[in-house]
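>>> please work out how this folds:
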Amino acid sequence: MEIQIRRPDDWHLHLRDGAAMAAVLPFTAARFARAIVMPNLKPPVTTTAAAAEYRARIVAALPPNARFTPLMTLYLTDRTEPAEIERAKASGIVHACKLYPAGATTFSDSGVTDIRRIDATIARMSELGIPLLVHGEVTERAIDVFEREARFIDDVLAPTIARFPKLRVVFEHITTQRAVEFVKSARAGVAATITPQHLLHNRNAIFDGGIRPHYYCLPILKTETDRAALLAAATSGDARFFLGTDSAPHEQRTKENACGCAGMFSAHAGIELYAEAFEAAGALDALEGFASDFGADFYGLPRNTERIKLVKRTWSPPANYPFPADGNGKLVPMRAGESIAWELVA
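So this is what the prediction gives:
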């Protein structure tokens, strides 16, 4: 069996920088025409000038003859000024701004401590049509890690959407039935991305036979009821839900230790894993809209014209890939040494 779809885009991607970026970029460029690139580097990409420099480094690292366009974002802080939003809009290369609640995930320490501190900045984003991308978790220690997304909806997201009725928002990497229901009931201009790991696995995967650090990501995997709700949303043909891998490479040693990093690397099979999930739901005919159409429409970009082919053929990713963050690192991919049911035809 095979399917052909319009070449997809990845609307949530971590590429890192330098040698680490060069190690992972070819996987994305082989599958996706464009990607929204996350700005949580060290230091974070907080200005339009820094975004332009980062974009130049990505383009320079592309494999020969690659047809891939990075779409840049800005990292919001408590000090982001409306004037920076104006520069971002004028640049033509910045397509969104990212809200990381301070301390929510990898390299988010410089994130926003209270969203109301940047109301003037968000107001300018709303006026200029620049989407707000949100990592949807609160960070108070008293709140259970499995409840942080729901509390974010109540405490941050719903009030922000109400205060800015024209603001376009992407609720990124949603993980719960509650988030699905929120997006479905929200006003126009609110959308969500869904990752392959949250479509294919529930939180049992983290504890299958022991602690499985390579299944640890943030927001964390949730219940089977939540996974089923996400899969139903992704395969429904509802244009408010579209592909965002949240592929996040970490060197093996930083995952396999007493305080491992959050993030799963899926770019090596960034469309194949979705095909597996959609097939399991009996909805392969809905894959193209989710992967290739709805995100482009939301961002006001043309749909790609090139097509890709996927074949039903089992393959296994290697135990690791080279990841030369320090010269000799290794990167463990999602489903390392296990089977994936679909394969991209070069």
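>>> span of stretch 57-65 from start to end?
16 Å (Cα to Cα, to the nearest Å).
>>> average pLDDT for that stretch?
The average pLDDT for stretch 57-65 rounds to 97.
>>> which strand runs longest in this protein?
strand 307-315 (DSSP state E).
>>> just the buried positions in that one, please.
Of all the residues in strand 307-315, those buried under the rule 16 or more other Cβ atoms under 10 Å are 308, 310. In short, each C-beta sits where N, CA and C put it, glycine included.
>>> so what are the sheet partners of it and their directions?
Sheet pairing of strand 307-315 (DSSP bridges) gives strand 2-6 (antiparallel), strand 340-345 (antiparallel).
>>> and the ones you listed: which comes nearest residue 148?
strand 340-345 (30.0 Å; Cβ to Cβ).
>>> contacting residues around stretch 206-220?
The set of residues external to stretch 206-220 that reach it, using Cβ atoms under 8 Å, 6 or more residues apart in numbering, is 104-106, 135-137, 145-146, 148-149, 173-175, 195, 197, 201, 203, 205, 221, 246, 248, 255-256, 260, 262-264, 332, 334, 336.
>>> and the strands paired with strand 307-315, which is most packed in?
Most buried of those by mean neighbour count (mean count of other Cβ atoms under 10 Å) is strand 340-345; its value is a mean of 17.
>>> could I get the CA-only coordinates of it as CSV?
Once non-C-alpha atoms are left out, strand 340-345 reads as follows in CSV (Å, rounded to 0.1, in the frame of the first residue of the first chain):
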residue,chain,number,x,y,z
ILE,A,340,7.6,2.1,12.3
ALA,A,341,4.9,1.0,9.9
TRP,A,342,5.3,3.6,7.1
GLU,A,343,8.4,4.8,5.2
LEU,A,344,9.0,7.9,3.2
VAL,A,345,10.1,7.2,-0.4
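>>> find me the pLDDT at the closest residue to residue 126 other than its chain neighbours, would you?
Distances taken as Cβ to Cβ, 6 or more residues apart in numbering put residue 167 closest to residue 126, at 4.1 Å, once the chain neighbours are dropped. Looking at residue 167, its pLDDT stands at 98.
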